[in-house]
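Colleague: Below is the sequence, then the predicted model.
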Amino acid sequence: MASVRRVCQVICIVFTLILLAIGGILLAATIRALMLEDTDYQYSAYEGGLIDDIPASYLETLPQIFADALKIPTVSKEPGDYDREQLLKFHQFLRDNFPNVFNSSFIKVEVINTYSLLFTIMGSDENVQPYLLASHMDVVPVDENKWSNPPFSGRIMHDPDIGELYIWGRGAIDDKSGVMGIMMALEYLVISGFQPKRKFYVAFGHDEEVNGYDGAYHISKTLLARNVTLDFLLDEGMPILEGVIKGMDVPVAVIGVTEKGWMRVKVEVEGEGGHSSIPPKDQVVTRLSKAIYNLGRYPQPSMFGTGPESDLFNYLAPKASWPYKLVFANLWLFRPLLEMVMSASRETNAFLRTTTAATIVRAGVKENVVPTSGYAIVNHRVHPAQSLEDVLQHDIDIIGDAKVKVSVDQQRAAHPVSPYGPKVPGWRLIASTLQHFFPKVVAAPGMLVANTDTIHYLNLTSCVYRFMPIFLDNTLIYTIHTHNERLPVSAVINEVRYYHRLILSADVDVPPIEDIRPGHRSGEL
Ligand SMILES: CCCCCCCC/C=C\CCCCCCCC(=O)NCC(=O)O
Ligand SMILES: [Zn+2]
Ligand SMILES: [Zn+2]
């Protein structure tokens with residue numbers, strides 16, 4: 001009896017100690033969350049001679065010009081296969097709508113490799129390092145039938161449910177918003193008599209959607225031949241996310257300081273054909289389908305916390321709501337829990353792991369002919385912490401079928417991490433311009449889950465940022481590269497104001513020329 005009591009006592013003591021340990025850990029985590037330092041960037045403020053905002057009379061002319069830009073179908077289909085005629089039409093559209101930019105005595109406009117555009121905005125002080133604003137003029141193809149408004153209509157429609165005016169069309173977000181936002185801001189700057197101290201470039205590639213080798217690659221070569229090095233570069237990227245990250249009641253501007261790698265895998269099957277009325281047991285399409293199914297069913301492993309993307313949560317934690325604040329501030333404890341939450345939705349899942357999308361499937365020539373070959377193209381966006389070899393090996397293991405050939409068609413590694421933080425001029429400029437207009441927005445470093453023309457510009461600067469100054473919620477994010485792409489009129493206005501102030505501030509917040517050079521160390525400064 002005494003020994004039973006003894007055992008009970010020991011169990012109680014152990015149990016109490018475990019509870020105390022858990023309580024202690026939770027208390028430590030809570031204290032850590034409560035003591036977080038806020039990462040507001042209220043530093044650089046534009047204090048130049050010009051008014052840093054644009055009058056309403058100019059702003060209200062912009063939505064229609066933006067809508068007209070969407071009417072020109074500058075579609076890219078494959079590398080080298082882009083609509084040359086429409087691209088030239090788009091050049092003319094820019095010339096017609098932005099005459100002050102094109103006729104300015106201090107702006108040199110160059111056509112690069114026939115279809116891309118490079119603007120050099122001459123500065124009065126040659127000793128200051130220039131910067132570059134990039135976007136692309138091409139768009140991805142459309143499936144006309146799925147659109148509620150025709151994709152190249154540039155229709156401006158009121159949405160009664162949301163109470164907003166939207167401009168509809170392919171490219172409204174990706175990436176004519178970038179091209180038009182920059183051009184509309186620049187036009188107003190020229191009209192208002194601005195001539196910068198600091199030289200800057202504006203580069204519009206024409207084939208970003210099919211890898212940029214005819215556009216951005218040539219723009220970069222041109223700049224390199226002129227020995228240009230940049231203070232920083234801002235290209236398309238993550239928008240200001242509204243309601244996308246659980247626990248963040250305020251919008252989050254995830255500024256891409258790196259971007260994922262990319263891999264194109266070909267999955268091929270060969271087999272027996274014949275008359276479809278006497279089909280073989282082992283069919284090409286069945287085997288191929290099984291392989292594709294398995295790739296979707298068993299995703300690449302989560303890499304969360306092992307790559308450059310996890311610092312994001314140090315920036316988010318101070319502004320997160322409870323209990324997420326506790327989680328974000330204590331990834332050492334809650335990483336598995338956060339991983340589970342993030343895996344559940346497609347956009348946050350992309351942040352954790354290499355993604356897998358079967359985008360092209362081909363087999364068969366006729367209904368009553370059993371095909372003898374078929375293939376699928378699988379598009380991976382590769383998490384920076386995973387090697388390209390490991391991605392391929394995972395595919396091979398998951399398919400687990402010696403009769404299915406799995407090979408890499410093309411690949412690119414993830415980009416290096418650009419420096420960020422209050423001491424980095426380019427970052428500071430981008431983040432502080434945001435907070436000037438939208439004080440509630442949290443600017444945080446992150447990883448772009450897609451790819452951009454910046455691959456071609458990496459040798460011009462180590463400070464490469466991928467960010468679009470437009471607010472998007474999940475509904476709008478899900479329209480990128482599919483039907484019903486559209487942008488609220490208010491977003492157009494805001495992004496023009498953003499670029500306008502960014503350009504003005506870039507003249508004030510000028511880094512010493514020796515500060516930032518290629519080879520600068522990565523990560524937070
Ligand atoms: C906790 C972090 C959450 C991150 C959520 C990610 C949400 C993703 C939102 C938008 C992605 C928008 C990408 C826009 C750039 C597109 C560039 C592009 O299309 N390039 C071509 C390509 O990648 O194929
Ligand atoms: Zn794009
Ligand atoms: Zn795109």
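Modeller: Sure thing, it's come through. Ligands and ions are numbered 1, 2, ... in the order given.

Colleague: could you list every residue that touches Gly243?
Modeller: 473-474 (CB atoms under 8 Å, 6 or more residues apart in numbering). Placement of C-beta: from N, CA and C, glycine included.

Colleague: how close does it sit to Val252?
Modeller: 10 Å (CB to CB, to the nearest Å).

Colleague: Next: Ser57.
Modeller: Relative to Val252, and taking CB to CB, Ser57 is found at 33 Å.

Colleague: With neighbour numbers in mind, choose between those two.
Modeller: Set Ser57 next to Val252 and count neighbours by other CB atoms under 10 Å: Val252 wins out with 24 against 7.

Colleague: okay but that one is in contact with Phe313, surely?
Modeller: No. If you go by CB atoms under 8 Å, Val252 and Phe313 don't touch, sitting 10.9 Å apart.

Colleague: Find residues that contact each of these two.
Modeller: With CB under 8 Å, 6+ apart, Val252 and Phe313 have no common neighbours.

Colleague: show me where pLDDT drops low in this structure?
Modeller: Residues of the chain meeting the criterion pLDDT under 70: 1-2, 22, 25-31, 34-35, 37-52, 509-525.

Colleague: Quick check: residues of this structure near ligand 2?
Modeller: The chain comes close to ligand 2 at residues 174-175, 236, as judged by CB under 5 Å from the ion.

Colleague: Which single one of those is nearest to Thr16?
Modeller: Closest to Thr16 out of the residues of the chain next to ligand 2 is Glu236 (56.4 Å), distances taken as CB to CB.

Colleague: Could you pull up the residues touching that closest one?
Modeller: 134-136, 174-175, 178, 452, 466-468 are the contacts of Glu236 under CB under 8 Å, 6+ apart.

Colleague: The closest residue to ligand 1 within the stretch 201-350 of the chain: neighbour count?
Modeller: Using CB to the nearest ligand atom, the single residue of the stretch 201-350 of the chain nearest to ligand 1 is Glu347, 3.8 Å away. Counted with other CB under 10 Å, residues neighbouring Glu347 total 15.

Colleague: if I look at it, how far off is ligand 2?
Modeller: Going from Glu347 to ligand 2 by CB to the ion, to the nearest Å gives 16 Å.

Colleague: I figured that residue hits Val244, correct?
Modeller: Yes. With contact defined as CB under 8 Å, Glu347 reaches Val244; the gap is 5.9 Å.

Colleague: what is in contact with the two at once?
Modeller: Shared contacts of Glu347 and Val244, defined by CB under 8 Å, 6+ apart, comprise 474, 477.

Colleague: give me the residue from the stretch 201-350 of the chain nearest ligand 2.
Modeller: The stretch 201-350 of the chain approaches ligand 2 most closely through Glu236 (4.8 Å), counting by CB to the ion.

Colleague: For Ile54, see how far away that residue is.
Modeller: 22 Å.

Colleague: With Tyr478 instead?
Modeller: Distance of Tyr478 to Ile54, computed by CB to CB: 31 Å.

Colleague: Compare those two (neighbour count), which wins?
Modeller: Ile54 (20 against 14).

Colleague: From ligand 1, how far off is that one?
Modeller: In this structure, Ile54 and ligand 1 are 25 Å apart, going by CB to the nearest ligand atom, to the nearest Å.

Colleague: How about residues contacting stretch 66-76?
Modeller: Taking CB under 8 Å, 6+ apart as the rule, stretch 66-76 contacts 82-83, 86-87, 89-90, 93, 97, 137-142, 151-156, 167-172, 176-177, 179-180, 184, 206-210, 487, 492.

Colleague: show me what contacts Gly169?
Modeller: 67, 70-71, 149, 151-155, 485-486.

Colleague: do Ile430 as well
Modeller: With CB under 8 Å, 6+ apart, Ile430 has these contacts: 232, 234, 255, 443, 465, 467, 502.

Colleague: The residue of the stretch 51-200 of the chain found nearest ligand 1: helix or strand, and which one exactly?
Modeller: Minimum separation of the stretch 51-200 of the chain from ligand 1 (CB to the nearest ligand atom) falls at Asp174, amounting to 5.0 Å. Assigned by DSSP states H and E, Asp174 belongs to neither a helix nor a strand.

Colleague: Contacts only, for it.
Modeller: 139-140, 236, 480-481, 485.

Colleague: Could you rerun that using 6 Å?
Modeller: Ile480 (CB atoms under 6 Å, 6 or more residues apart in numbering).

Colleague: One more: Tyr115?
Modeller: 87, 206.

Colleague: how near is it to ligand 2?
Modeller: Look at Tyr115 and ligand 2: by CB to the ion, they are 16 Å apart.

Colleague: One more: His380?
Modeller: According to CB to the ion, His380 stands 18 Å off from ligand 2.

Colleague: tell me which element the nearest residue to that residue once chain neighbours are set aside falls in.
Modeller: Leaving aside its chain neighbours, His380 sits nearest to Met263 (4.1 Å; criterion: CB to CB, 6 or more residues apart in numbering). Here Met263, judged by DSSP H and E, is contained in strand 261-270.

Colleague: list the helices and strands that strand packs on?
Modeller: Packing contacts for strand 261-270, counted by 3 or more CB pairs under 6 Å, 6 or more residues apart in numbering; DSSP states H and E, involve helix 284-297, strand 373-382, strand 404-412.

Colleague: That one - which strands sit beside it in the sheet, and in what orientation?
Modeller: Strand 261-270 has the following sheet partners, assigned by DSSP bridges: strand 373-382 (antiparallel), strand 404-412 (antiparallel).

Colleague: So what touches stretch 331-348?
Modeller: Outside stretch 331-348, the residues touching it (CB under 6 Å, 6+ apart) are 29, 244, 246, 302, 304-305, 327, 349, 352.

Colleague: which non-adjacent residue is nearest Leu117?
Modeller: Per CB to CB, 6+ apart, closest to Leu117 is Phe204, 4.4 Å.

Colleague: that's a strand at the one you found, yeah?
Modeller: Yes. With DSSP: H, G, I helix; E, B strand; the rest coil as the criterion, Phe204 is part of a strand.

Colleague: Next up, the contacts around it.
Modeller: With contact set as CB under 6 Å, 6+ apart, Phe204 has these partners: 117, 135, 137, 179.

Colleague: dump the residue contacts of the last one.
Modeller: With contact taken as CB under 6 Å, 6+ apart, Val179 is in contact with 135, 137, 204.

Colleague: How about Glu209, nearest residue that isn't a chain neighbour?
Modeller: Closest residue to Glu209 apart from its sequence neighbours, by CB to CB, 6+ apart: Ser76 at 4.3 Å.

Colleague: Quickly list what the residue nearest to His380 is bridged to.
Modeller: For Met263, the beta-bridge partners are His380, Gln411 (DSSP bridges).
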